[in-house]
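Novice: compute the structure for the input listed below.
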Amino acid sequence: MTTDSSHDLKIFSKPLGEGAAVLMGFPGSGLVGTIALQYLVDQLEFELAGTMTSRYFPPLAMMNKGVINDPVRLYMKNDITAIVADIPIHPMICYEISNGILDWLEPYKPKEVLTIAGIVTNEPEKRVFGVATTTEALQRIQDHTIVLPIGSISGIASSILIGCKIRGIPAYGLLGETVNAPDPRSSAATIEVLNKMYNLGLDVKPLLEQAEEIEQSFHKLSEEVQQSADTTPKKDLPMYG
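Specialist: Coordinates of the predicted model:
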C-alpha cells in the first residue's frame, strides 16, 4: 500500500500501474459523476484498491447494508482507475484536494484524467458536453460529445482540469445534462460516452430502470405537495394575510 499525506490529504492505496486512465466522480449537480462511476465499478467488478481522507472532508459517512463506506474510494481494473466520492468538496478546499490527488497521481504518469460532472439545463435530451485541456486532447472526445464552445466549469472538476493542464496531463471533462436532482438517466448518457472511449461494453439498461423509479418517486412527491397546497386554506398562509 502506498501512502501520501501531502496537502492534509491522506491516500492509502495499492500502487497505480504506469499509464493508467484515471476517472473521477465527485457529487455535484444531479450526482452525475458519482452515480456513473459507482455503477461502472459495481457492474464491471472493479477491485476496491484504496481510500483517501482529509481533515477538510465533511463529517459524513454513507452506509450500504449496515456497513460504513469510505467517503472517497479508489477502484482499479486493468488499466483504469476510478475515484468515486460520496461527499461534496467545498469550493474553499477544491485547490488543496485536487492538488493533493494530482501530486499523488503524477509519479505514476497517468495516460489521461477524466472527470464527470453535471450541467443543469432542465432540458430532456440528456446530452453530454465535453471539454479538454488542450486542442490536441479535444480530438479524443469531439466525436462522442458536444464540445462546449464557451462557458465555465466550477467546483472540484474545474480544479482537477486546471491542475492537469498545468502539469501537462491530458484531461477531459464530461458534463451530463441534468436537473438539480439525482439523475441516473444523465449518468447513463455519460457511461455511453465512456463505452466508446474505453470499449467497456457496459449495459446501462438497469441504470435507466433505476432512473424511471426515481422519476416516478419525484412525480408522486410533486403530486402530494400540490394536493397539500390545494387543500390548505389560504387564510392559514401568512403571506396572504
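
Novice: for A20, which residues are in contact?
Specialist: A20 makes contact with 76, 79-81, 108, 110-111, according to CB atoms under 8 Å, 6 or more residues apart in numbering. All C-beta atoms are positioned from the backbone trio N, CA, C, and that covers glycine.

Novice: quick check: of these, which lies closest to D183?
Specialist: I80 (23.3 Å; CB to CB).

Novice: what's the pLDDT at that closest one?
Specialist: With respect to pLDDT, I80 scores 97.

Novice: so what pairs up with it in the strands?
Specialist: Assessed by DSSP bridges, I80 has beta-bridge partners A21, K77.

Novice: now do it against L44, distance only.
Specialist: 9 Å (CB to CB, to the nearest Å).

Novice: what's the answer for P71, then?
Specialist: Noted for P71: a distance of 22 Å to L44, by CB to CB.

Novice: in stretch 173-183, what's buried?
Specialist: By 16 or more other CB atoms under 10 Å, the buried positions in stretch 173-183 come out as 173-179, 182-183.

Novice: what mean pLDDT does it have?
Specialist: On average, stretch 173-183 scores 89.

Novice: now, the most widely separated pair of the buried residues of stretch 173-183?
Specialist: G173 and P182 (20.2 Å).

Novice: between P71 and L44, which is the more surrounded one?
Specialist: P71 (19 against 15; other CB atoms under 10 Å).

Novice: now that one: closest residue in space that isn't a chain neighbour?
Specialist: Nearest residue to P71, sequence neighbours excluded (CB to CB, 6 or more residues apart in numbering): I87, at 4.5 Å.

Novice: and stretch 158-170, average pLDDT?
Specialist: Per-residue scores along stretch 158-170 average to 96.

Novice: that older thread, of the contacts of A20, just the buried ones, PyMOL syntax please.
Specialist: The PyMOL command for the buried members of the contacts of A20 (criterion: 16+ other CB under 10 Å) is given here:
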select buried, resi 76+80+81+108+110
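
Novice: mind putting the contacts of A20 in CSV, distance to A49 included?
Specialist: Formatted as CSV, the contacts of A20 follow (distance: CB to CB, whole Å):
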residue, distance to A49
M76, 4
D79, 13
I80, 11
T81, 8
Y108, 13
P110, 15
K111, 17
